[in-house]
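Engineer: My questions are about this predicted structure, shown below with the sequence.
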Protein chains: 2
Amino acid sequence: MEVANKYVTLKTHIEGAPKESDFELKTSPLALSLDPSSDEIIVKNLYVSIDPYQLNRMKLYNSSQKMGAGLEGITLGKEIKAYGVAEVVASDNVEFEKGDVVVGFVTWAEYSKIRGNGMIRKLDPLGFPLSYHVGLFGYSGLAAYAGFFEICKPKQGEKVFVSAASGSVGNMVGQYAKLLGCYVVGCAGSKQKVELLKEKLGFDDAFNYKGETDLNSALKRYFPDGIDIYFDNVGAEMLEAAVANMNTYGRVAVCGATSEYTDPGKRAAPNMLDVIYKRIKIQGFLAWDHMDVFEDFISTTGNCLRSGQMLPLEDFSNGVETIPSAFVGLFRGDNIGKKMVKITED
Amino acid sequence: MEVANKYVTLKTHIEGAPKESDFELKTSPLALSLDPSSDEIIVKNLYVSIDPYQLNRMKLYNSSQKMGAGLEGITLGKEIKAYGVAEVVASDNVEFEKGDVVVGFVTWAEYSKIRGNGMIRKLDPLGFPLSYHVGLFGYSGLAAYAGFFEICKPKQGEKVFVSAASGSVGNMVGQYAKLLGCYVVGCAGSKQKVELLKEKLGFDDAFNYKGETDLNSALKRYFPDGIDIYFDNVGAEMLEAAVANMNTYGRVAVCGATSEYTDPGKRAAPNMLDVIYKRIKIQGFLAWDHMDVFEDFISTTGNCLRSGQMLPLEDFSNGVETIPSAFVGLFRGDNIGKKMVKITED
């Protein structure tokens, strides 16, 4: 049996904000059978994850894999690896059989052919919708959990600021911080998002950064007693303003820098005198370094979702052809919560 | 008995590089006797410490003690607190008696009147010259020791870069790193200093940053396998270049930012993509947070100085009237090693 497999490719390296025309939807015939001892599987994708970090893989300077350990460049015209949930349709790998639901690195495509290399595993949905395993129980959730608990080492009552707070990671950081008993303020890019953070997700306060002319004063207003923890998803001026408003022994977890992703000339220049005299720690991290807390993360998050102490925040588009617009939309702030593309009905 | 006490005061708040004319040497009569139950002591200063951080206390925005915890502003026209070694000449404090040699916070003066407030202690010279206790065994040495061992958590064989490497802190960081078996490169601002680092202090390599047009390329040359630890004393472009050349899990201890002290417009804007993907930690610290390692610091440093495994690097001026020029000289790179002013023959 053979299918016409639709997949998204990168037409040109991207500097600045991505455009839909940077991508090309291709169709190639794919035989749903495998060479014996190929060790491969073929999956039909159900949901694929749409994440800002992919932009860094699309840049010219990453085509040579310059970032090393953390970031593998995307090759023009080829399939693009992405996290997702899928169903096995053919397997030459002893660990998988046809019909298994799996989670891990697939591609932005209808079907993906994958090596049995530990980047994918069989999924126990734990009674939750499959989509939860793309974001909430995936690397977005793990980034929130590990970044907040492991990097920031929060204490009850501390004052926590989260940027891109209605995004896939930010909304969960805020919810974890509330569960711990922190004072949490988030910023986002629209009135609707701000309302959501305050009314639905339990943030103590939230503001629309687009309505602020001076971020430093804005943070002073929301944190009259200073910030203890800043969970940074955006970088640039927001990071500078957060550092200026931090308390002694403040911690910054640098999860993302979306403001800087689309404009390499835009860089945070935090005041080093603040960093020294307030003994601030600014630490970059990647979720996949923290697999040691994965079990705790899943059990805590699962329990809180079941009890209603945490709310899921998901944002879907439908069909492989919507991947480019879904991705481009991330950088315009179109999404609310975890952005995914639903490829096939599960 | 009364003396004519000479002391240095600040005439005007400083923005930018300090000038000798920013200071005024005053003389006031001082009775060498104390009110009963004043709890005070009067000391005759032997050596006072000359440190770059004092500049941050001299700035207008610090006159209101804005930096809080870490940094107390200096009041115009008043005596300026500084670390030093002194001899007690009068005491109303039960802990001290006339003739005691003490170390701690005195003032940039011939004589200082001090409250018995725990900022000063009796000194056991441990068989070393008294001057050693101003810098090597004082906060400069502790900053080097705690910043390197506690903040950077170095491992044998790691690649260490130190800026202002012939300065009071930097030279000791480099020597500690060599003792641990690290590969150490320092940068400094003259050929003479570079020679000293390589020939006398055992640095694996050193370079004159003034001779480099592109710091990024310079560091690539000196660290073809990347930097694991950067001990930052200068901030600005050097910090950016170090982050760009760091390895995964690199650590930056931010001890000082002298390039930024004299020019508030000059700020490091490290690439946050490097910080994230290489999981870099940038951490500010102050020596006095690390009193818990003080004993280890003194015993390690003392043993290494006795055995000749570490060399002392000290730089003296003579007489209270040389304090302004000694201080101004710090920012021109005049000093080699710990800068002190010898006030009185010990």
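Structural biologist: Good, I have the coordinates.
Engineer: Near chain B, which residues of chain A? Just list them.
Structural biologist: Counting by C-beta under 8 Å from any C-beta of the partner chain, chain A comes close to chain B at A:56, A:67-71, A:235, A:239, A:248, A:254-257, A:260-261, A:267-286, A:289. Heads up, the C-betas are built off the backbone N, CA and C, glycines and all.
Engineer: what stretches of chain A score poorly on pLDDT?
Structural biologist: A:62-70, A:117, A:346 (pLDDT under 70).
Engineer: quick one, domains of it?
Structural biologist: A:2-136+A:313-342, A:139-288 (automatic domain parsing).
Engineer: tell me the most buried of the ones you listed?
Structural biologist: When the domains of chain A are scored by mean count of other C-beta atoms under 10 Å in any protein chain shown, the highest mean neighbour count falls to domain A:139-288 (a mean of 22).
Engineer: Can you say which of the domains of chain A is nearest to residue B:123?
Structural biologist: Among these, domain A:139-288 comes nearest to residue B:123, with 27.4 Å by C-beta to C-beta.
Engineer: Now do the helices in chain A.
Structural biologist: Ranges of helices within chain A are A:54-57, A:139-146, A:170-180, A:191-195, A:215-222, A:236-244, A:258-261, A:272-277, A:294-307, A:323-330, based on DSSP state H.
Engineer: Select, out of those helices, the one closest to residue B:333.
Structural biologist: Residue B:333 lies closest to helix A:272-277 among those, at 18.9 Å (C-beta to C-beta).
Engineer: which residues touch the closest one?
Structural biologist: A:243-244, A:246, A:280, A:282, B:56, B:67-71, B:235, B:239, B:254-257, B:260-261, B:267-268, B:282-286 (C-beta atoms under 8 Å, 6 or more residues apart in numbering or on different chains).
Engineer: Give me the distance from it to the chain's centre.
Structural biologist: Relative to its chain's centre, helix A:272-277 lies at 30 Å (C-alpha atoms, centre = their mean, to the nearest Å).
Engineer: do stretch A:276-286 as well
Structural biologist: Using C-alpha atoms, centre = their mean, the offset of stretch A:276-286 from its chain centre is 22 Å.
Engineer: Between its first and last residues, how far does it reach?
Structural biologist: Separation of the first and last residues of stretch A:276-286 by C-alpha to C-alpha, to the nearest Å is 25 Å.
Engineer: what residue of chain A is the furthest out?
Structural biologist: residue A:36 (36.1 Å; C-alpha atoms, centre = their mean).
Engineer: got the phi/psi numbers for that residue?
Structural biologist: phi -60, psi 150 (degrees, to the nearest 10).
Engineer: was I right about it contacting residue A:92?
Structural biologist: Yes: assessed by C-beta atoms under 8 Å, residue A:36 is found in contact with residue A:92 at 6.3 Å.
Engineer: Which residue, neighbours along the chain excluded, lies closest to the residue nearest the centre of chain A?
Structural biologist: Residue closest to the average C-alpha location in chain A (C-alpha atoms, centre = their mean): residue A:140, at 4.2 Å. Using C-beta to C-beta, 6 or more residues apart in numbering or on different chains and skipping the chain neighbours, the partner closest in space to residue A:140 is residue A:168 (4.0 Å).
Engineer: ok, now which ones touch that neighbour?
Structural biologist: Taking C-beta under 8 Å, 6+ apart, one finds A:51, A:135, A:140, A:313, A:335, A:337-339 in contact with residue A:168.
Engineer: Residue A:56 versus that one, what's the distance?
Structural biologist: Here residue A:168 is placed at a distance of 16 Å from residue A:56 (C-beta to C-beta, to the nearest Å).
Engineer: And residue A:209, by the same measure?
Structural biologist: As defined by C-beta to C-beta, residue A:209 lies at a distance of 22 Å from residue A:56.
Engineer: And for residue A:272?
Structural biologist: Distance from residue A:272 to residue A:56, by C-beta to C-beta: 25 Å.
Engineer: And for residue A:145?
Structural biologist: 22 Å.
Engineer: same question, residue A:193
Structural biologist: 24 Å.
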